[in-house]
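Colleague: 3D, please:
(2 chains)
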Amino acid sequence: MSAECQDEAWARPSAQSLRELVDLEAGRISPRIFWDESIYRLELERIFARCWIFVAHESQVKLPGDFLTTTIGEDGVIVARGADDQVRVLLNACPHRGNRVCFAEAGNARRFTCNYHGWSFGRDGALLGMPAEEVYEQTCPGFDKSELGLVQARVASYKGLIFATFDPGAPSLDDFLGDYRWYLDVLLDTDEGGTEFLPGNIKSVIDCNWKVPAENFVGDSLHAQWTHNSGAVAMLGTGVGKAKQDSVYQANANGHGMQFGFDMVGNAMTLGEPEVVQYIREREALVAERLGKLRSRMVGAMGSATLFPTFSFLAGLNTVRTWNPRGPHRTELHTWVIVNRDAPSSIKEKYRRGVMRTFSPSGTLEMDDGENWENVTRTAAGVVARRQKLHYALGLRSQVQHEELPGNVHQRKFNDSNQRAFFGRWLDLLAAEDWSQVPGGR
Amino acid sequence: MSQAAETNPADMIRSPKAPQFPALPDRDLVFEVEQFLYREARLLDEERYEEWLGLMTEDIHYWMPGMQARYRDDASAGPLIERMAFYDDDLLNLRRRVTRFMHATAWAEDPPTRAVHIINNIEVELTEAEGEYRVYSTFVNCRGRNESEESWLAGRRTDLLRRDAGGALRLARRMICITQTVLLAKNLNVFL
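Modeller: Sure, this is the predicted structure:
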């Protein structure tokens, strides 16, 4: 809160003006939220510098010195494992003149040295030294290296996923995830060996607002059979499978959401790798023992998910991705392949290729998404287009009580309930001056 | 990854260290290879994907690794076959992609993407195998979409061309390395 007030003066949209853009009761949302610069700046402060943001999987920084670089909002960070085996998240900005101190996207390093004046930092972020150190000591009153380390974020992990936040007032990661952990386990905890990311990271740029793909993954099952018909024909020989409306659910907690059925392999089949489908089927009893019968049927089922704000995944298809904001009208997409660590190497290899050919920039399914998302964003530049309120009213009365499914549960496949919950959380965060004002349990 | 298990594709088509300048191939062979690559590029520009598939050997490996920005002293700088890729395809999977391209509901191809493949710096090397040639080339690829969208890619290719039973050239291996680590486009709806 205080950090915000010290920022240069610019007109923050008021809580009242934001509420007028998002009418959750009627299911109507203004396209201005995808276009306005002032809203975007507020998002950087109140969502990205405030929430727990996914930064790495533990398998990407296995050994001391392993590091990767990524971003939290538009702040560059280094995720590094120290000699003490601790993973830290360090602001990738030198406290001397602000230059990046690490330019590689991944690797193993003993230290991070700024290219500009040679200030050098340990893997724990501490300032180790710089050229002409004695001149600083002689001429800078009170010069203290221990005060000039890289800014550090809070770090916590959940079953292999490492998250970070720069907000000391943020709740614990467990509280931030809340009931959503039950759904995350369908991705992360179907095997006692846990998960890992396969090597590599495919990145691309989509000229869209970051919320457009995030809300697509949180619950938009409706687009699949239309947008992705050609991809489904390529991979399955037929269009996207039809499911009964009542056999599919949407569930959300704290703005995180998942839409899913219990068909076990609908997503996985799209990879075009019969051995993967067989692998999932063979493990059904094992997973049921671990997570219960219901979740054993969700492991590879048709569906999609977003962990608020920018971490999305497709269970069974095993693509994991983040939508990194690069201005209000640009998103940098980072994608990975997640697998059970103890899966046979032949299965991992089939996942690697299967995800590539479906959900990567060259993928038969992803290829048709970007154009829609760019144009959803671009049309919001128009004065008249900005006056219309977009329709998010599917499933307004679809909430149900379910004896096993936690969180807010809605029944019916074609549904905007998770999208409304996503934007509800978005609104709560933007309207709050600090975490104490964010309503809990949404 | 049957073939990858035996040999790293990057090694298989990498230039031998010595001699630096192997004996020049016959001018007719160079001309034949150039015409093969130009024709292949035109088939792609004209979206004649079935004919393009016809240029492949049955065991084609079409590989476009993801590029990474790593430090020079990083032994795993790559590209490496076990990392995520843009393409890492056999004939079946190239065909699956073509199926999507040609389907009436491939919305991101309608209006059609206008692509130009500019192929250059073609070098031909003889290999130990009779009728098999290692071919280097560079490309600039421009895609235009809808009204004002434009996307540029530049890269280097290393190919293995092999003569089929009838003596015609076929593409057996291709490695494509682009200059971008972050693909500066929303998709890659083009073969390179």
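
Colleague: contacts, neighbours, all on C-alpha from now
Modeller: OK.

Colleague: not counting sequence-adjacent ones, nearest residue to B:Val30?
Modeller: B:Val124 (6.2 Å; C-alpha to C-alpha, 6 or more residues apart in numbering or on different chains).

Colleague: can you classify the one you found as helix, strand or coil?
Modeller: Classification of B:Val124 using DSSP: H, G, I helix; E, B strand; the rest coil returns strand.

Colleague: how about the one 4 residues further on?
Modeller: The assignment at B:Glu128 comes out as coil when based on three-state DSSP.

Colleague: hang on, the residue nearest to B:Val30 packs against B:Thr158?
Modeller: No: with contact defined as C-alpha atoms under 8 Å, B:Val124 does not reach B:Thr158; the gap is 10.1 Å.

Colleague: overlap in contacts, those two.
Modeller: B:134-136 (C-alpha atoms under 8 Å, 6 or more residues apart in numbering or on different chains).

Colleague: next, format these as a markdown table and append pLDDT.
Modeller: Listed next are the shared contacts of B:Val124 and B:Thr158 as a markdown table, based on pLDDT from 0 to 100:
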| residue | pLDDT |
| --- | --- |
| B:Arg134 | 96 |
| B:Val135 | 97 |
| B:Tyr136 | 97 |
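
Colleague: any idea which of those residues is closest to chain A?
Modeller: Distances from chain A to the shared contacts of B:Val124 and B:Thr158, taken as C-alpha to the nearest C-alpha, are shortest for B:Tyr136 (23.2 Å).

Colleague: tell me, how many residues neighbour the closest one?
Modeller: Counted with other C-alpha atoms under 10 Å in any protein chain shown, residues neighbouring B:Tyr136 total 21.

Colleague: need the contact list for it.
Modeller: By C-alpha under 8 Å, 6+ apart, the neighbours of B:Tyr136 are B:121-124, B:156-159.

Colleague: tell me the helices in chain B, going along the chain?
Modeller: With DSSP state H, the ranges of helices along chain B come out as B:2-6, B:9-12, B:27-45, B:49-53, B:91-101.

Colleague: of all those, which lies closest to A:Phe67?
Modeller: Counting by C-alpha to C-alpha, A:Phe67 lies closest to helix B:9-12 out of these; the figure is 25.3 Å.

Colleague: now do the contacts for A:Thr331.
Modeller: A:205-210, A:323-325.

Colleague: among those residues, which lie within strands?
Modeller: A:205-206, A:323-325 (DSSP state E).

Colleague: can I get these in CSV with neighbour count, pLDDT and distance to A:Ser247?
Modeller: Converted to CSV, those look like this (neighbours: other C-alpha atoms under 10 Å in any protein chain shown; pLDDT from 0 to 100; distance: C-alpha to C-alpha, whole Å):
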residue, neighbour count, pLDDT, distance to A:Ser247
A:Val205, 21, 98, 35
A:Ile206, 25, 98, 33
A:Trp323, 25, 98, 29
A:Asn324, 24, 98, 33
A:Pro325, 24, 98, 35
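
Colleague: out of these, flag the one nearest to A:Ser120.
Modeller: A:Asn324 (27.9 Å).

Colleague: is it true that the closest one touches A:Leu333?
Modeller: Yes: with contact defined as C-alpha under 8 Å, A:Asn324 reaches A:Leu333; the gap is 6.2 Å.

Colleague: now do the SS call for A:Glu374.
Modeller: Going by three-state DSSP: A:Glu374 is helix.

Colleague: any idea how far A:Phe34 is from it?
Modeller: Applying C-alpha to C-alpha, to the nearest Å, the value for A:Glu374 to A:Phe34 is 10 Å.

Colleague: A:Met302 too?
Modeller: For A:Met302, the distance to A:Phe34 - C-alpha to C-alpha - is 28 Å.

Colleague: neighbour count winner among the two?
Modeller: Comparing A:Met302 with A:Phe34 by other C-alpha under 10 Å, the one with more neighbours is A:Met302, at 27 against 23.

Colleague: looking at strand pairing, list the partners for the residue nearest the centre of chain A.
Modeller: Computing the C-alpha centroid of chain A and ranking residues by C-alpha atoms, centre = their mean puts A:Phe311 first, at 1.3 Å. A:Phe311 forms beta bridges with A:Leu307, A:Thr322, as assigned by DSSP bridges.

Colleague: who are the contact partners of it?
Modeller: By C-alpha under 8 Å, 6+ apart, the neighbours of A:Phe311 are A:53-54, A:214, A:320-323.

Colleague: ok so, going back, shared neighbours of A:Glu374 and A:Phe34, anything?
Modeller: A:Asn209.

Colleague: any idea what B:His117 is bridged to?
Modeller: In beta-bridge terms (that is, DSSP bridges), B:His117 pairs with B:Asn141.

Colleague: wait, what's in contact with it?
Modeller: B:41-42, B:44-45, B:139-142, B:192.

Colleague: run the last query once more with 7 Å
Modeller: Contact analysis of B:His117 by C-alpha atoms under 7 Å, 6 or more residues apart in numbering or on different chains lists B:41, B:45, B:139-142.

Colleague: distance check, it against chain A.
Modeller: Counting by C-alpha to the nearest C-alpha, to the nearest Å, the separation of B:His117 from chain A is 17 Å.

Colleague: chain B contacts on chain A?
Modeller: Contact residues, chain A versus chain B (C-alpha under 7 Å from any C-alpha of the partner chain): A:104-107, A:199-206, A:229-231, A:233-235, A:352-353, A:356, A:361-362, A:364, A:367-368, A:370-371.

Colleague: what ranges in chain B fall below the confidence cut-off?
Modeller: Along chain B, the model assigns pLDDT under 70 to residues B:1-8, B:10-22.

Colleague: ugh, wrong one, I meant chain A
Modeller: Using pLDDT under 70, chain A drops low at A:1-9, A:441-442.

Colleague: repeat the analysis, applying 50 as the threshold.
Modeller: A:1-3, A:441-442 (pLDDT under 50).

Colleague: tally of neighbours for A:Leu148?
Modeller: Counted with other C-alpha under 10 Å, A:Leu148 comes out at 16.

Colleague: my guess is it contacts A:Pro95. True?
Modeller: Yes: if you go by C-alpha atoms under 7 Å, A:Leu148 and A:Pro95 touch, sitting 6.4 Å apart.

Colleague: what sits against A:Leu127?
Modeller: A:120-121, A:145-146, A:148-149.

Colleague: how does it look with 10 Å?
Modeller: A:94-95, A:111-113, A:119-121, A:144-150 (C-alpha atoms under 10 Å, 6 or more residues apart in numbering or on different chains).

Colleague: do the same with A:Pro95
Modeller: Per C-alpha under 10 Å, 6+ apart, neighbours of A:Pro95: A:101, A:119, A:127, A:147-151.

Colleague: who touches residue 63 in this structure?
Modeller: You didn't pick a chain, so chain A it is. Neighbour list for A:Leu63: A:80-83, A:85-87, A:108 [criterion: C-alpha under 10 Å, 6+ apart].

Colleague: sorry, I should have been clearer: chain B.
Modeller: B:9-10, B:81, B:85-90, B:157-158, B:173-177.

Colleague: thinking again about what came up before, so which of the contacts of A:Leu63 comes closest to chain B?
Modeller: For the contacts of A:Leu63, the nearest to chain B is A:Asn108 (7.6 Å; C-alpha to the nearest C-alpha).
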